[in-house]
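Undergrad: What shape does this take:
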Amino acid sequence: MKKTRELPASRFGWLAPFRQIPDEYVINHQSLDGYLYIRFIKMLTVITFAGAVLTFPILFPVNATGGGGQSQFDLLSFSNINKQGKNRYYAHVFVGWIFFSFVMYIITRETIYFINLRHAYFLAPFNASRISSRTVLFTDVPTEYLNKERLQQLFGGSMKRAWLSTNCKELEDLVEERDKDALKLEGAEIKLCQTANKRRLKWEKKNDKRKDTSPDSADVELGTPGSRYQKTKDRPTHRLGKIPFIGKKVDTIDWTRNELGRLIPKVEKSQLSHRQSKEPLIPSVFIEFTTLQAAEAAFRRMSPRKEPKMNPRAIAAAPNDIIWSNLRIKKTERMGRKFATNTFLFLMILFWSIPVAVVGAISNINYLTDKVPFLSFINDIPAVVLGVVTGLLPAVMLSVLMALVPIVCRLMSKLSGEVTLSAVELKTQSWYMAFQVVQVFLITTFASGAASVVTQIINDPGSATSLLAENLPKASNFFISYIIVQGLGVAAGNLLNIGALATITVLSKYLDKSPRKMFKRYIALGGLGWGSLYPKFGNLGVIAITYAIIAPLVLGFATIGFAIVYFAVRYNALFVLSNNVDTKGRAYAHALQQLMTGVYLGEICLLGLFAINTAPGPIVLQAVFLAGTVIYHVIMRHALHPLTQHLPDSLERDDQLAMFTTTDHKSYDASKVSLPPSEGPTPSPSKMHTRKATLLSRFFDPRKFKSHQSVLKLVPDYAPPVYDPEEEELAYFNPAITSEKPIIWIVRDEMGISRREVRGTREVAMCTDEFAHFDGKGKVVWEYAEVGESEGLEGVSTGGSLKSMPLWEKRVDY
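TA: Residues are numbered from 1 along each chain as shown. Below you'll find the model as predicted:
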């Protein structure tokens, strides 16, 4: 990642340069995921704006003159058409045909754009030559294949290297204990130096005008640096018991040095044993192939149901994307975990409807006062306050309620046994989107619509369907408020970034008491959780699409809201946030398909409203269009899904076209073929498969779209990465195996205490007091300004660099 060029500091002078930076700039300066996320918000803005341009001139007059007796916003909705105006529904039918067709066209076009961009980006030399691009993770590996010789026989010359996974549970515990003791030692030594330094400053403040004995001469007499300012009780201590205030009290510095002296050799010995595969193996292996094409062929053709029954779980997953603890999970345990977590999430969606329904009912609580006596006080509330209670309050409450959901979804996805962080994000995206649509949209819609007519339904149950048909469109008023809250609130929150702002400006002064914490806060950028971001705005898109024909006014507010969010997201992607989890754009493709939910709901709601109002003509026309939508979506999904998951051999010839024929997917069987999966013959497609592929390519061939050539200009011409032999060898070992000895970074003082501690600690571990000192007030100062204050994240400057820092780690672009 490269730092974006700085904008002018004037009040308004930054707007023009900011606007001139193209969205595509994010691809090479943040990530592909970041660029596609910006494009997603921009696409929603285009869809809602185009929808508003289409529906406002036609449906506003049709609804407003419908004679339904509604007022304010409801005057412009479907509910204002009375029973004698059923012929007006034809306007809704045909406008709906145009709008929903436009949405499906945009989804198709964007999916093909993503396919072309993804293929061009990951087939580029700088990507194709990465170790991760050529590496496949297999799980459920049979015991007989847990040796490199047998794997070499299976994959032949296409296999370059194999990493056998070992059970690192004990080693991970040792490394964690070692690092914990190192941090404890570092903190104790800093505290020791800081206490003495504060006493020195206090002494100098009282004796700055006196010319009595010099403290340095006293130290010389005592033979210990800074001894004049130290007392025996200053040495940090702690108790060994796991229960606070219980256990033997020990000197922290001496005890941690002894522990490090014991743990470091033990960890190094265990690491060597794991590297040599002498420890118990687990049924997971990483296979690096000689070419990207060989890796893709093995990933595409191998199946857990055919010999050798190895499950290809991930390709192009970087080492920091692997969830190492889940590699130990066996097939049966993983199936049980998957069933348990899916059941939990399903029940959560089911039962969460209770508090969400309450929130939806609050939006129309003034209609319930005559049936719920204790709510009668609401009638006495001023109109302005009542408007806030029924309009703004439910929207805010719903936003707060939803904040906890993605955390639970992400936890369940990890517990289900997924082996990569990107897979966890994609699974979180699926469940969270389902949660958003069911709870935020459907439950709230029906609760709000039913609450507004509950009294009338109780008095006349037979009128329930007609009353709901009239009042369900009124629920759009709630979502107008919700879109305003999300658009303005989220955009303002993203720009202000209050959490990071408070942490850096206020909390860091109290929390960052060591140069280690200051250094890490300086070089770290906040990341984005795609699994929670896409559903949040994707659901707003679903709401806008669903209500586009029923209550077109929603489109106007959605356009403004998405435009504001687009501005904030764009700014953050360019200047503030990074990408911690790389889904390689698949979250975008997933979100595009999720938008079809809005198309289906919009069409089904229209069909239901026509049926309730017994309008035969519109019912037949809408049913035909709904059937056509289902058929088109199935065909489009079937045609394009393989292209979003796999890569062709190249962008030339007919390689992309050949991907419409999926006969080689999961086709390899080692018991029938002696050749490696990357060299084995491809099963000949049947006549039916050939005809199907020809038909699909006629409509969905990526080469027929302009993006096939335009995306090539967006791919950077970087040089392929170069790896040291050691970097290649250690690439896919568990981080506990490659974890290096901790470095103790303490703060330099003028009395020489820190130098004494450095000498004592270096007998067991690396220790330094460089690039940090105490200022005149006794506070810790990290000397980054003195080694290049203007340097960016890459650490390049004319003076020193971040690479000079003790904790600097070389970034290996696997």
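Undergrad: residues in contact with F479?
TA: The contact partners of F479, taken as Cβ atoms under 8 Å, 6 or more residues apart in numbering, are F441, T444, T445, I543, Y547, V554. Every residue, glycine included, has its C-beta placed from N, CA and C.
Undergrad: Which ones among those residues lie within strands?
TA: Judged by DSSP state E, strands contain none of the contacts of F479.
Undergrad: centre of the chain versus the longest helix along the chain, how much separation?
TA: Determined from DSSP state H, the single longest helix within the chain is helix 169-207. Offset of helix 169-207 from its chain centre (Cα atoms, centre = their mean, to the nearest Å): 35 Å.
Undergrad: got the buried residues for that helix?
TA: For helix 169-207, burial by neighbour count (16 or more other Cβ atoms under 10 Å) applies to 171-172, 174-175, 178-179, 181-182, 184-197, 199-201.
Undergrad: the helices in the stretch 1-150 of the chain, which residues?
TA: 15-20, 25-29, 32-64, 89-123, 125-128, 148-155 (DSSP state H, counting those that start in this stretch).
Undergrad: Which residue ranges of the stretch 701-814 of the chain form strands?
TA: With DSSP state E, counting those that start in this stretch as the criterion, the stretch 701-814 of the chain has strands at 743-745, 766-768, 772-774, 780-782.
Undergrad: and the second one, what's its mean pLDDT?
TA: What it means is strand 766-768. Mean pLDDT, strand 766-768: 91.
Undergrad: And for the third one?
TA: The average of the pLDDT scores along strand 772-774 is 86.
Undergrad: And the first one, by the same measure?
TA: Along strand 743-745, the predicted local confidence has a mean pLDDT of 91.
Undergrad: Show residues contacting stretch 38-55.
TA: In contact with stretch 38-55 (Cβ under 8 Å, 6+ apart) are residues 23, 26, 95, 98-99, 102-103, 106, 110, 534, 537-538, 540-541, 544-545, 548-549, 552, 555-556, 558-559, 562-563, 565-566, 569-570, 573, 588, 591-592.
Undergrad: Using CSV, write down the CA coordinates of it.
TA: Taking Å, rounded to 0.1, in the frame of the first residue of the first chain, the C-alpha atoms of stretch 38-55 are listed here in CSV:
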residue,chain,number,x,y,z
ILE,A,38,-16.5,2.6,-3.4
ARG,A,39,-17.9,1.4,-6.7
PHE,A,40,-20.7,-0.4,-4.8
ILE,A,41,-21.9,2.7,-3.0
LYS,A,42,-21.6,4.7,-6.3
MET,A,43,-23.7,2.1,-8.1
LEU,A,44,-26.4,2.3,-5.5
THR,A,45,-26.4,6.1,-6.0
VAL,A,46,-26.8,5.6,-9.7
ILE,A,47,-29.6,3.1,-9.3
THR,A,48,-31.6,5.2,-6.9
PHE,A,49,-31.1,8.4,-8.9
ALA,A,50,-32.1,6.7,-12.2
GLY,A,51,-35.1,5.2,-10.4
ALA,A,52,-36.1,8.7,-9.1
VAL,A,53,-35.9,10.2,-12.6
LEU,A,54,-38.1,7.4,-13.9
THR,A,55,-40.7,7.1,-11.2
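Undergrad: Buried ones in that stretch, by neighbour count?
TA: Quick answer for stretch 38-55 (16+ other Cβ under 10 Å): 38-45, 47-52, 54-55.
Undergrad: tell me which of the residues you listed is nearest to S303?
TA: Nearest to S303 among the buried residues of stretch 38-55, counting by Cβ to Cβ, is F40 at 32.9 Å.
Undergrad: how close does the closest one sit to L592?
TA: As judged by Cβ to Cβ, to the nearest Å, F40 and L592 stand 8 Å apart.
Undergrad: before we move on, what about P806?
TA: Distance, P806 to L592, using Cβ to Cβ: 46 Å.
Undergrad: more crowded one of the two?
TA: Neighbours per residue (other Cβ atoms under 10 Å) separate P806 from L592, with L592 holding more: 24 against 18.
Undergrad: give me every residue that touches the more buried one.
TA: L592 makes contacts with F40, I107, E110, T111, F114, as judged by Cβ under 8 Å, 6+ apart.
Undergrad: Ok, E6 next?
TA: Listed by Cβ under 8 Å, 6+ apart, E6 has no contact partners.
Undergrad: please begin residue numbering at 279 from this point
TA: Sure, I'll start numbering at 279, so the last one becomes E284.
Undergrad: Would you reformat the strands of the stretch 979-1092 of the chain as JSON lines and include mean neighbour count and distance to L401?
TA: Shown next, in JSON lines, are these (neighbours: other Cβ atoms under 10 Å; distance: least, Cβ to Cβ, whole Å):
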{"stretch": "strand 1021-1023", "mean neighbour count": "22", "distance to L401": "40"}
{"stretch": "strand 1044-1046", "mean neighbour count": "19", "distance to L401": "42"}
{"stretch": "strand 1050-1052", "mean neighbour count": "22", "distance to L401": "46"}
{"stretch": "strand 1058-1060", "mean neighbour count": "20", "distance to L401": "43"}
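Undergrad: Throw those into TSV and include distance to F564, thanks.
TA: Converted to TSV, these look like this (distance: least, Cβ to Cβ, whole Å):
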stretch	distance to F564
strand 1021-1023	29
strand 1044-1046	30
strand 1050-1052	39
strand 1058-1060	38
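Undergrad: can you give me the helices in the stretch 829-978 of the chain?
TA: Here the stretch 829-978 of the chain has its helices, by DSSP H, counting those that start in this stretch, at 831-853, 864-872, 874-890, 894-923, 933-936, 965-978.
Undergrad: could the ones you listed be laid out in TSV, adding distance to D1053?
TA: Listed next are those as TSV, based on distance: least, Cβ to Cβ, whole Å:
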stretch	distance to D1053
helix 831-853	30
helix 864-872	46
helix 874-890	58
helix 894-923	55
helix 933-936	62
helix 965-978	65
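Undergrad: Pick out the shakiest of the helices of the stretch 279-428 of the chain, pLDDT-wise.
TA: Of all those, helix 293-298 carries the lowest average pLDDT, namely a mean of 76.
Undergrad: Export only the CA atoms of that one, formatted as CSV.
TA: C-alpha atoms of helix 293-298 as CSV (Å, rounded to 0.1, in the frame of the first residue of the first chain):
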residue,chain,number,x,y,z
LEU,A,293,-12.1,20.0,-2.7
ALA,A,294,-10.9,20.3,-6.3
PRO,A,295,-7.8,18.1,-6.0
PHE,A,296,-9.9,15.5,-4.0
ARG,A,297,-12.5,15.4,-6.7
GLN,A,298,-9.9,15.0,-9.4
